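Engineer: sharing a model prediction with you, sequence too.
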Amino acid sequence: MGRSSKDKRDIYYRLAKEEGWRARSAFKLLQLDQEFNLFTGVNRAVDLCAAPGSWSQVLSRKLRGCAEKAEKGESGEEVKIVAVDLQAMAPLPGVTQIQGDITKVSTAQEIIRHFEGHPADLVVCDGAPDGERLAFCLTSLVLKSPLSPSCCSYSISYVLFLVTGLHDVDEYIQAQLLLAALNITTHVLKPGGTFVAKIFRGKDVTLLYSQLKLFFDGVTCTKPRSSRNSSIEAFVVCQNYSPPKGYIPNMSNPLLDHSYDVDFNQLEGPNRVIVPFLACGDLSAFDSDRTYPLQLDAGKEYQYTPPAQPPIRPPYQQACHLRKKNLLSREDAPSVCPTQSQDEPEP
Ligand code: SAM
């Protein structure tokens with residue numbers, strides 16, 4: 001294949017090189033801006049999952065203007081751009097870089113420190129599951145596990161299959177990244193601010209929309225022209241950040257610290273979602289945890305009633321049959337289950 005064949009097949013790949021963007025993804029953010037006017041009045045921004053840095057380039061050019069040395073935006077306010085990624089990223093003018101995992105509390109805290117007392121106007125996240133890293137983590141888990149060596153080779157090929165073929169895994173990790181980004185956003189975004197994030201439109205995407213709607217007045221799912229139709233990816237543009245009244249941002253996100261019990265039970269006010277619990281029925285009904293005598297009614301003798309519909313072919317049918325014929329312990333017991341046993345199955 002010639003050097004130009006990718007240029008032929010992917011117009012945005014070619015244009016990115018020609019216009020000096022580090023990745024074709026730059027066009028996704030530029031096209032989102034054309035539709036949603038993302039950068040008006042924005043001086044302070046966070047770019048989560050930023051490497052190799054084309055979104056940071058867009059932010060840098062849009063917020064600081066063409067003069068790459070500009071420290072102040074059009075409004076004269078100081079411009080601040082913080083970019084975060086697992087991977088190291090070549091430096092960019094006016095962009096502070098943090099190398100770290102956005103699902104880790106320590107990284108979240110480092111980002112939050114940059115915006116203390118002066119929140120961000122915009123948070124963007126183009127995070128996508130990092131296949132190689134996932135393969136590495138899962139493979140190390142498998143190798144460290146007490147499984148026998150014979151299981152390991154099987155498990156490793158399973159791991160490799162996981163990161164290349166199972167969309168559910170990708171969707172799950174993508175959702176984790178988005179929720180981690182949302183959690184960081186609740187700490188750093190100013191009221192009225194905007195959050196833009198990549199989202200995979202999988203089967204459970206409506207759950208993510210509901211969670212985003214709790215924090216933003218407007219949530220729109222959109223797909224820029226530069227995002228391939230064949231890709232499950234889309235972008236959520238969440239406008240006018242307005243958390244529930246009394247909501248206090250916290251790090252008690254099970255995705256971030258994995259301590260469900262302790263932290264969820266300590267949440268208070270609107271941070272603690274309480275779903276009403278209704279005890280259905282009163283004390284006159286039978287208590288399902290009690291044992292009652294067979295004769296419930298003093299004047300009425302107990303009589304056994306068979307189940308209205310016994311299981312059609314339960315897995316224990318053969319065992320019942322063998323036990324009734326006293327064949328259970330014999331080695332020459334027939335291995336085939338009688339097809340239509342008249343025996344009543346055990347409860
Ligand atoms: N917006 C970027 C650009 O324009 O250059 C491209 C981002 S790329 C599609 C996805 C990035 O997500 C990768 O660089 C990957 O390292 C990063 N990533 C994946 N999981 C991450 C995590 N847990 N924490 C931080 N970055 C992560």
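Structural biologist: Received, thanks.
Engineer: count the neighbours of the residue of the stretch 151-300 of the chain found nearest the ligand for me.
Structural biologist: The minimum distance from the stretch 151-300 of the chain to the ligand, using CB to the nearest ligand atom, falls at residue 177 (5.7 Å). Where you see a C-beta, it was placed from the backbone N, CA and C, and this is true even at glycine. The burial count assigned to residue 177 is 25, neighbours taken as other CB atoms under 10 Å.
Engineer: before we move on, what SS does it have?
Structural biologist: For residue 177, the assignment made with DSSP: H, G, I helix; E, B strand; the rest coil gives helix.
Engineer: not counting sequence-adjacent ones, nearest residue to it?
Structural biologist: What sits nearest to residue 177 in space, not counting adjacent residues and going by CB to CB, 6 or more residues apart in numbering, is residue 127, at 3.8 Å.
Engineer: what about the stretch 101-250 of the chain, any weak spots by pLDDT?
Structural biologist: 131-166 (pLDDT under 70).
Engineer: just the helices in it please.
Structural biologist: For the stretch 101-250 of the chain, helices defined by DSSP state H, counting those that start in this stretch occupy the ranges 105-114, 131-144, 149-165, 167-188, 205-215.
Engineer: if you count contacts, what does the fourth one end up packed against?
Structural biologist: Other elements packing on helix 167-188 under the criterion 3 or more CB pairs under 8 Å, 6 or more residues apart in numbering; DSSP states H and E are strand 44-48, helix 105-114, strand 120-125, strand 189-200, helix 205-215, helix 254-257.
Engineer: now residue 77: how far from the ligand?
Structural biologist: As judged by CB to the nearest ligand atom, to the nearest Å, residue 77 and the ligand stand 24 Å apart.
Engineer: got a list of what that residue touches?
Structural biologist: residue 43 (CB atoms under 8 Å, 6 or more residues apart in numbering).
Engineer: quick one: pLDDT of it?
Structural biologist: pLDDT, residue 77: 71.
Engineer: tell me how far the residue nearest to residue 177 lies from residue 181.
Structural biologist: Residue 127 is 7 Å from residue 181, where distance means CB to CB, to the nearest Å.
Engineer: which residues do the two both contact?
Structural biologist: With CB under 8 Å, 6+ apart as the test, residue 127 and residue 181 both reach 48, 49, 102, 197.
Engineer: which bits of the stretch 51-200 of the chain sit near the ligand?
Structural biologist: Within the stretch 51-200 of the chain, the positions near the ligand by CB under 6 Å from any ligand atom are 51-55, 84-87, 101-103, 126-128, 130, 177.
Engineer: wait, doesn't residue 15 sit right on residue 27?
Structural biologist: Yes. Assessed by CB atoms under 8 Å, residue 15 is found in contact with residue 27 at 7.0 Å.
Engineer: that older thread, of the shared contacts of residue 127 and residue 181, just the buried ones, PyMOL syntax please.
Structural biologist: In PyMOL, this line selects whichever of the shared contacts of residue 127 and residue 181 come out buried by 16 or more other CB atoms under 10 Å:
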select buried, resi 48+49+102+197
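Engineer: farthest-separated two in the shared contacts of residue 127 and residue 181?
Structural biologist: Greatest spatial distance among the shared contacts of residue 127 and residue 181 (CB to CB): 102 and 197, at 11.1 Å.
Engineer: quick check: neighbours shared by the two?
Structural biologist: Shared contacts of residue 102 and residue 197 (CB under 8 Å, 6+ apart): 125, 127, 181.
Engineer: closest one to residue 110 out of these, please.
Structural biologist: Nearest to residue 110 among the shared contacts of residue 102 and residue 197 is residue 181, at 14.6 Å by CB to CB.
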